[in-house]
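> Got a sequence here, can you model it:
(chains A and B)
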Number of protein chains: 2
Amino acid sequence: MALLVVGSVALDTVSTPRGQLAEGLGGSAVYFSIASSLFTPVHLVGVVGKDFPEEHISTLETRGVDVEGLYIAEGKTFRWHGRYDEDFGDPETISTELNVFADFSPKLPPKYRDLPFVFLGNIHPKLQLKVLEQMKSPKLVAADTMNFWIERERNTLLQVLEQIDMLIINELEVRLLTGVRSVLAGAEKIHTMGPATIVVKQGAYGAFAMSDGEIFTIPAFPTTAVMDPTGAGDSFAGGMVGYIARQGNITPHTLKMGIVYGSLVASFNVEGFSIKSLEKLDMETLNRRLEKFRKMTEF
Amino acid sequence: MALLVVGSVALDTVSTPRGQLAEGLGGSAVYFSIASSLFTPVHLVGVVGKDFPEEHISTLETRGVDVEGLYIAEGKTFRWHGRYDEDFGDPETISTELNVFADFSPKLPPKYRDLPFVFLGNIHPKLQLKVLEQMKSPKLVAADTMNFWIERERNTLLQVLEQIDMLIINELEVRLLTGVRSVLAGAEKIHTMGPATIVVKQGAYGAFAMSDGEIFTIPAFPTTAVMDPTGAGDSFAGGMVGYIARQGNITPHTLKMGIVYGSLVASFNVEGFSIKSLEKLDMETLNRRLEKFRKMTEF
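Predicted structure coming up:
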């Protein structure tokens, strides 16, 4: 089933111990939509400036992403400049230029309003609410958020949590949101705030999920080939929600397999700068890694 | 098959956010032997002082641990006093009194010399070598070490690595030993130093193993019931090596199941102070958790 994603579209300048890339295609909606397009039709809502290179639009279209909802506004595209050090942990932000993204107010093309699956990238929670107001009756709404909104827009975020089915966040965000350090206890607390399903991204350690009291947890696919971790979380979410949307339903089984696929898609994403590795990924390559991963984790 | 463990036997005073216990039974050889005694006969080599409570010896004997190699020396028992904070990470050491452990020089009872499985706790690498000199031809030698020896006794430790089959260490120790941050790359580097099998303990994140190029990795069993993390690593090693010793051979399958059992034994251990939870553990309870864990991780 088709999928709506709303989030940032950016030009990222990134340096890591393995190299650097200036003004590569980035942003949460981009990583999410390229990842999810492996599984299902994807419709993107976002904003870029007049300076946004035509080739990046082609990249999205080549992957079958519908960009009717990608608005081209007067001004410059959102830019982020970051640097990762040796441990490939959280990047140091060198600069952020919001540009046209500062005035982003998502307005959905009419045909997007009855899409059955929705992913809200980590935009302002009031914009996430605005997207939900425009939707008819989606089957599944998944959302991401970030430390900034948890700390500064907590009440609005709590309204979002009441309306979504799935929250996809990282461990630090679990702690900020709940005050609890245990991922399990934190997920239980978030469940009382609204979402039936909580998926916790643990970076190089894998992922943890709680859904209606059932727990699922996997390690990460081990790799030494990390080039650029940017977009790992969004490509994980894209792989996961994309897989579930393709199956048409969230069940314990589709959630599990979605998390595994999401994790593996993210493991490919980090093996290249920007979307360079992700855009070449096909199901055959992904399924080969799935079999390897199964062998590494099965007992 | 029977198992030899050489390591510390201690009286631990521990405080955590969940409580405290003064002078509880502790030490690497204790956690290891109680854990491994679930699976196989265990013979312990260590030293305590005249003040060591008789009841602790009974505790070991009740679990079938052979304490013929536990020497009672003039002086006081090794004592450690530590405190864990809210995140249950590395403890703060408040005091360490080596006492009789300062002069520990393992001398094996003759009947121990042809035991087929050996675990060397994180004692001085020169003492680890001394144990190996006394052994006839063990089938499998596994060893632990610690940051202190990696930094100060590197050359002696490298001699140990050349003689052992399996190294069981944590992530930080992998970095200190290899200078590499990736667990996978670190394990590959350690493999060139000698051990055919490298098992990396990742605490709340699970475990990673590399053996003859094959990789196995699992998340940790999620729990909110952590009381006292002391001995998690040694009870993990005890469960793992104990399981493998019971099967009589290390194969890809026994290594995998050993790691799973070790991880689950450790998950019980941390649910009580000292060995309180571990000493009550039986195979039926452990296998119930195994089935839960399988359900949480299978895809």
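
> quick one: residue A:5 is in a helix?
No. Under DSSP: H, G, I helix; E, B strand; the rest coil, residue A:5 falls outside any helix and is assigned strand.

> Let me see the mean pLDDT of the host helix or strand of residue A:81.
Here residue A:81 sits within strand A:79-83, counting by DSSP states H and E. Mean per-residue pLDDT for strand A:79-83: 96.

> by contact count, what packs against it?
Here strand A:79-83 touches strand A:10-16, strand A:92-97, going by 3 or more Cβ pairs under 8 Å, 6 or more residues apart in numbering or on different chains; DSSP states H and E. Where C-beta positions appear, they are placed from N, C-alpha and C, glycine not excepted.

> which residues make contact with it from outside it?
A:10-16, A:23, A:26, A:91-97, A:99, A:230 (Cβ atoms under 8 Å, 6 or more residues apart in numbering or on different chains).

> Mind checking which of those are buried?
A:10-16, A:23, A:26, A:91, A:99, A:230 (16 or more other Cβ atoms under 10 Å in any protein chain shown).

> which among the residues you listed gets closest to chain B?
For the buried ones among the contacts of strand A:79-83, the minimum distance to chain B (Cβ to the nearest Cβ) is 12.9 Å, reached by residue A:16.

> State the distance from that closest one to residue A:213.
According to Cβ to Cβ, to the nearest Å, residue A:16 and residue A:213 sit 39 Å apart.

> same question, residue A:159
Using Cβ to Cβ, residue A:159 is found at 24 Å from residue A:213.

> who's more crowded, these two?
Shown here are residue A:159 and residue A:213; by other Cβ atoms under 10 Å in any protein chain shown, residue A:159 has more neighbours (15 against 8).

> need the residues of chain A near chain B, please.
Neighbours of chain B within chain A, by Cβ under 8 Å from any Cβ of the partner chain: A:86-88, A:181-185, A:188, A:202, A:205-206, A:208, A:215-219, A:222-224, A:226, A:256-257, A:259-260, A:294, A:296-299.

> Which members of the residues you listed occur in helices, if any?
The helices, defined by DSSP state H, take in A:183-185, A:188, A:256-257, A:259-260, A:294, A:296-297 from those.

> Apply the buried test to those and list what passes.
A:183-185, A:188, A:256-257, A:259-260, A:296-297.

> how about the helices in the stretch 51-200 of chain A?
A:54-62, A:125-134, A:147-152, A:154-163, A:171-178, A:183-193 (DSSP state H, counting those that start in this stretch).

> now those as JSON lines including mean pLDDT?
Compiled in JSON lines, those are given as follows (pLDDT from 0 to 100):
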{"stretch": "helix A:54-62", "mean pLDDT": "97"}
{"stretch": "helix A:125-134", "mean pLDDT": "98"}
{"stretch": "helix A:147-152", "mean pLDDT": "96"}
{"stretch": "helix A:154-163", "mean pLDDT": "98"}
{"stretch": "helix A:171-178", "mean pLDDT": "96"}
{"stretch": "helix A:183-193", "mean pLDDT": "97"}
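
> Off-centre distance for the lowest-mean-pLDDT helix or strand in chain A?
Least confident helix or strand of chain A, by mean pLDDT, DSSP states H and E, is strand A:92-97 with a mean of 94. With Cα atoms, centre = their mean, to the nearest Å as the basis, strand A:92-97 stands 20 Å off its chain's centre.

> quick one: contacts of that strand?
With Cβ under 8 Å, 6+ apart as the test, strand A:92-97 has contacts from A:13, A:76, A:78-85.

> Direction included, what does it pair up with?
Strand partners for strand A:92-97, identified by DSSP bridges, are recorded as strand A:79-83 (antiparallel).

> Flag every buried residue along the strand it pairs with.
A:79-82.

> Check the burial of the residue lying closest to residue A:116 once chain neighbours are set aside by counting its neighbours.
Nearest non-adjacent residue to residue A:116, counting by Cβ to Cβ, 6 or more residues apart in numbering or on different chains: residue A:139, 4.2 Å away. Here the count is done by other Cβ under 10 Å, and residue A:139 has 15 residues near it.

> quick one: residue A:139 from chain B, how far?
Distance, residue A:139 to chain B, using Cβ to the nearest Cβ, to the nearest Å: 22 Å.

> For burial, what's the neighbour tally of the closest residue in space to residue A:182 that isn't next to it in sequence?
Spatial nearest neighbour of residue A:182, excluding adjacent residues (Cβ to Cβ, 6+ apart): residue B:224 at 5.1 Å. As a burial measure, residue B:224 scores 12 neighbours (other Cβ under 10 Å).

> I'd say residue B:224 and residue A:184 touch.
Yes. Under the criterion of Cβ atoms under 8 Å, residue B:224 makes contact with residue A:184 at 5.2 Å.

> For chain B, see how far away residue A:41 is.
Separation of residue A:41 from chain B (Cβ to the nearest Cβ) stands at 25 Å.

> what sits against that residue?
Residue A:41 touches A:2-3, A:64, A:66, counting by Cβ under 8 Å, 6+ apart.

> switch to 10 Å and redo it
Contact analysis of residue A:41 by Cβ atoms under 10 Å, 6 or more residues apart in numbering or on different chains lists A:1-3, A:64-66, A:115, A:242, A:245-246.

> out of the residues you listed, which are buried?
A:3, A:65-66, A:115, A:242, A:245-246.
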